[in-house]
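Asker: pasting the structure only:
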C-alpha cells in the first residue's frame, strides 16, 4: 500500500449513461471545485491492490473506502495540483457514480498519485 497526504476538496455525482455528458459534467464540476479549493480537509489517501481508503489525518478515522473494482476512472490536473477518481456506490443506480477530488502540494504529486492508481489497476488485473 502507498499512503499520501492530501486535502479532500469534495465529491459530486456524475451520470455516466452518455459519454459526452460524463466528460462535460466532470469538467464543469471540477471547475466549481477548483474555484473554492483552498479550503480542503487534511486527509491521508491509502492506495492498495484492494482499493482506496481516505482517513482523517488527525484521528486516523476512515472517511471513505472504495474497492478497486468499484473505481472506474482516475485523472489529475497537474496545473491545479488536483487528483480525482470516480467510483460507484453499490447501492446507487448503475449510471450514477461519485467523483472524489483531492489537492496535493505539487503538480508532480498529483501526477504521481494518478500513476500509482493506474499501477494498482494493472497489478490487480494481472493477479486475477
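Answerer: That came through, no problem. Just so it is clear, the model here is predicted, and its values are computed rather than measured. Numbering: from 1, shown residues only.

Asker: least trustworthy helix or strand in the protein by mean pLDDT?
Answerer: Least confident helix or strand, the chain: helix 19-35 with a mean of 62, by mean pLDDT, DSSP states H and E.

Asker: Identify, by residue count, the longest helix of the protein.
Answerer: helix 107-126 (DSSP state H).

Asker: Skipping its backbone neighbours, what lies nearest residue 5 in space?
Answerer: Counting by C-beta to C-beta, 6 or more residues apart in numbering, residue 5 lies nearest to residue 44, which is 6.1 Å off, once chain neighbours are set aside. The C-beta positions use only the backbone N, C-alpha and C, and glycine is treated the same way.

Asker: which residues touch that neighbour?
Answerer: Shown in contact with residue 44 (C-beta atoms under 8 Å, 6 or more residues apart in numbering): 3-6, 54-57, 60.

Asker: Return the member of those residues nearest to residue 114.
Answerer: Residue 114 lies nearest to residue 4 out of the contacts of residue 44, by C-beta to C-beta, at 11.3 Å.

Asker: Just the pLDDT for the closest one.
Answerer: pLDDT, residue 4: 95.

Asker: Let me know how buried it is, in neighbour terms.
Answerer: Number of residues near residue 4 (other C-beta atoms under 10 Å) recorded here: 17.

Asker: That one contacts residue 105, doesn't it?
Answerer: No: contact criterion C-beta atoms under 8 Å: residue 4 and residue 105 do not qualify, at 9.7 Å.

Asker: which residues of the chain score low on pLDDT?
Answerer: Residues of the chain that meet the criterion pLDDT under 70 lie in 18-38.

Asker: would you list the contacts of residue 44 in a markdown table and tack on secondary structure?
Answerer: Below are those laid out as a markdown table (DSSP: H, G, I helix; E, B strand; the rest coil):
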| residue | secondary structure |
| --- | --- |
| 3 | strand |
| 4 | strand |
| 5 | strand |
| 6 | strand |
| 54 | strand |
| 55 | strand |
| 56 | strand |
| 57 | coil |
| 60 | coil |
